[in-house]
Structures are given as structure tokens and as C-alpha cells.
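> what shape does this take:
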Amino acid sequence: MDEVVVNGLRIAYRQRGSGPPLVLLHGGFEDSRAYDAQIERLHPHVEVFAWDAPGCGGSDDVPAGWDDADWARAASGFIQAVGLRAPAVAGFSLGSIIALLLARDHPRSVGALVLVGAYAGWGGSLAPDALAERIAAARFTMQHPVHEWADAFVDSVFESDAAPERRTHARGLLADWRPATTAALLEVMVGDFRPALPDILAPTAVVRGARDARSPLATSRELCELLPRGRLVEIAGAGHDCAGPELYGMLVAAAREAAG
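Numbers count the residues shown, from 1 in each chain. Got it, this is the predicted structure:
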């Protein structure tokens, strides 16, 4: 892996391919390794930059007291540090929140957005009872060993008939997740970022698996209503993690659109 230093923080990342750039922001309980198969599929068409978010994978821990502006600043600084200017940015789940924060605070850092399994923050996406359950589940992962919650979490991410190797790969990443990262992220995750969405002008594909058990359809629809250039794409048969040929095509198209 390569690495850059952003505001004193070491950020590890994977870079592969050539062509229009595409930045990948992974979801929670994982790191850039979650994109191994996607990078293999995408790199003949685009230049992929997949970061390990602060507190994840090979990157430094999250500094104390970080807020949503710090996450946005880290993402913008990473894009600048690897020499990019307004690339396409794709975020999955947690990564979708960071992508929106990036576009909110640093609009010149983003040429196009692809938001997969997206949230406008949990507070802006989930009903009160569902929000309370999600917070409780996150806290449970901080207080209990991985084997007590990993299978249930993987079941919520993938459709029941997903390829076993996809589930096994995701399950393996959970062992390396840092509970301190969940603690650092939780306050940001529970935010409501809907008020900022009308000011985000980048063309945005909001991508949802039709069998997504974590991010509600109503959330994706509201994102598209609030984002001036938002459009909803629903992938039949897919769950929260809806990687596949249809998504790959959208990622390549977004990279080409951002590159002009």
C-alpha cells in the first residue's frame, strides 16, 4: 500500500489503473480491502484510489475530538495529497456520509458522486426507533467480541443468496476493525445532514440494492429529492452491498463525467 500524510495524519491507500480517477470511500467495519474485487474489475478502465479511512486498516487512529468537519477535511486533504482535482468520489454506507460531508465542505474537491447504500447521516435517514436500535447495535460492537455480532452484521449487509466468498471476505475484515473508530465515528454517524444537501451541486447517483436491509428506500428517494442533480438507481436482487456489473458501469461513467 501507499500512504500520504494529511494534516499530520498518515493515511494508507491502494492505487491501481490508469484513466479518469475514481476515489473509493469504504463502509464501516472494513477498510480498502473491501474493494479488492471491485478494483480488479475497475482498474482497466479508471485509475482507482481506495483509502483506508482514519482509524481503519493501515491508517493512523482518529484523533480525539474529531467532528464531521474533520472527516470532510481529511477526505479533501487526501484527494489533494494524491494529486487529484475534482475526481469522481464513490462512498459505500459510512463512506456515503463522508462523501456528502466532503461535497458539503469542499465542493471543489468533487467532480461527481456515487452514493451506495446511502445515508444523510443516521439521524437524517432512520426513524427514531430504528435510529435507537442502530446506535445500540454500534455500541454493542464496541463492548463485545467480534464473534458475538459478526454473523448478524454480515447478514444485514448481503442478500441471502450472495456469493459465499463475498460474505467470507467481509467477515474476515471485521477482525481488524478498531472499536475506538466506532466510538470516534458514532457522533458523526447520528447526525442529520439533510439541510446541506440542496447546496451540493455535483451530479450524484444514489444507488440502492432493492433488497437493502440497512438503508431504507425512503432515504434514497429523499436524497434524490434534496440533491439538485441526484438520481436514484435501484439494483434488482442486490442487498446493502450491491457490487456488480451494473454498479461498475456507473462508477466508470461517473469517473469519465468528472474528468470531462
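> which stretches of the stretch 101-250 of the chain form helices?
In the stretch 101-250 of the chain, the helices defined using DSSP state H, counting those that start in this stretch lie at 128-143, 150-157, 164-174, 179-189, 217-226, 245-259.
> contacts for the last one?
Spelled out, it's helix 245-259. 19-22, 38, 41-42, 45-46, 86-88, 90, 110-114, 116, 203, 205, 207, 233, 235 (Cβ atoms under 8 Å, 6 or more residues apart in numbering). All C-beta spots, glycine's among them, are computed from the backbone N, C-alpha and C.
> okay, buried residues for that helix please.
Going by neighbour count (16 or more other Cβ atoms under 10 Å), the buried part of helix 245-259 is Leu247, Tyr248, Met250, Leu251, Val252, Ala253, Ala254, Ala255, Arg256, Ala258, Ala259.
> picking that back up, any chance of CSV for the helices of the stretch 101-250 of the chain, columns mean pLDDT and distance to Asp68?
Shown next, in CSV, are the helices of the stretch 101-250 of the chain (pLDDT from 0 to 100; distance: least, Cβ to Cβ, whole Å):
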stretch, mean pLDDT, distance to Asp68
helix 128-143, 96, 16
helix 150-157, 94, 24
helix 164-174, 93, 24
helix 179-189, 95, 5
helix 217-226, 96, 17
helix 245-259, 95, 23
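> circling back: restricted to buried residues, select the contacts of helix 245-259 in ChimeraX.
Selection command for ChimeraX covering only the buried members of the contacts of helix 245-259, criterion 16+ other Cβ under 10 Å:
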select :19,20,21,22,38,41,42,45,46,86,87,88,90,110,111,112,113,114,116,203,205,207,233,235
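> among the contacts of helix 245-259, which are located in strands?
Members of the contacts of helix 245-259 lying in strands (criterion: DSSP state E): Pro21, Leu22, Ala88, Ala90, Ala112, Leu113, Val114, Val116, Ala205, Val207, Val233, Ile235.
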